[in-house]
Structure formats: C-alpha cells, structure tokens
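Novice: Task: produce atomic coordinates for the following.
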Amino acid sequence: LNQMAVEALDKQIAVHNDNEGLLDNVHELTAALERAHDSEEHIRDKAKSMQDVAQKRQERVNQLNNLISFQRNETQSVKNQLARERTERRKLEVEAEAKLKTDPDHRVQGGRGRRSREH
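Specialist: Presented below is the predicted three-dimensional model:
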C-alpha cells in the first residue's frame with residue numbers, strides 16, 4: 001500500500017512538474033507574442049512615418065514642377081513679347097526707310113545723322 005502511495009505521489013509530482021513546464025512555456029509564448037505585437041506596431045509606425053515623408057516629398061516635387069511650369073510659361077510670354085516688339089520695330093524701321101526715300105526733307109546729310117534741310 002505504501003508502495004502504491006509513493007508511486008501515486010511520484011506521478012502527482014511528475015504531473016505537477018509537467019504542468020509547471022507547460023505554464024512556463026505559456027509564459028514564454030505570451031512574452032514572444034507581446035514582442036511580436038510590439039515589433040509589428042513599430043514596423044507599422046515606421047511604415048506610416050516613411051509614407052508621411054514620401055507624401056511630403058511628393059508635395060514638394062509637385063510644387064517645384066508647378067514652379068518650373070510657371071517659369072516656362074513666363075519665359076515663353078517674354079519671348080513672345082520680344083518677338084512682337086522686334087516685329088513692330090522692324091515695321092517702324094521699314095516705314096522710316098520708305099519715308100526717307102520718298103521725303104527729301106528727312107534724308108541723311110553730310111554724315112551727321114538725320115536732319116531736315118530746314119535745320
């Protein structure tokens with residue numbers, strides 16, 4: 001009877017030890033899950049931060065592209081204005097040359113510039 005009691009007690013001790021081992025495993029797994037969760041949150045936060053940085057950079061690129069486009073339009077506008085002024089100047093030069101050829105009072109005299117004969 002004593003032998004059976006000792007064996008039963010040994011079995012109880014073995015089961016208790018197994019339970020403690022399993023409980024330790026559960027604690028380790030819980031800690032590992034918490035670390036994984038923290039790591040996942042960290043990765044998610046890092047990804048969000050990188051996404052925010054990328055969005056700000058894209059906004060800056062868009063601003064610079066808009067500025068470049070504006071400056072190109074301004075440059076083209078100035079070029080167009082210069083072309084109109086050149087055309088107008090050439091037109092006036094042609095008219096002045098025609099007038100000089102037809103109006104003797106406005107002809108060049110003596111290499112001293114344009115002067116009328118009256119002066």
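
Novice: Is residue 34 located within a strand, as I assumed?
Specialist: No: counting by DSSP: H, G, I helix; E, B strand; the rest coil, residue 34 is not part of a strand but helix.

Novice: Please tell me how far it sits from residue 25.
Specialist: For residue 34, the distance to residue 25 equals 15 Å [Cβ to Cβ, to the nearest Å]. Yep, even glycine has a C-beta here, placed from its N, CA and C like the rest.

Novice: Compute the number of surrounding residues for residue 12.
Specialist: Residues within reach of residue 12, counting by other Cβ atoms under 10 Å, total 10.

Novice: Can you say which helix or strand has it in it?
Specialist: Using DSSP states H and E, residue 12 maps to helix 2-102.

Novice: pLDDT at the residue most central in space within the chain, what is it?
Specialist: Central residue of the chain (Cα atoms, centre = their mean): residue 58, 2.5 Å from the mean position. Note for residue 58: predicted pLDDT of 98.

Novice: Tell me how far it lies from residue 64.
Specialist: 11 Å.

Novice: again, but for residue 2
Specialist: Residue 2 sits 92 Å away from residue 64 when distances are taken as Cβ to Cβ.

Novice: between those two, which one's more packed in?
Specialist: Ranked by neighbour count (other Cβ under 10 Å), residue 2 and residue 64 place residue 64 first, with 10 against 6.

Novice: tell me the pLDDT at the more buried one?
Specialist: 98.
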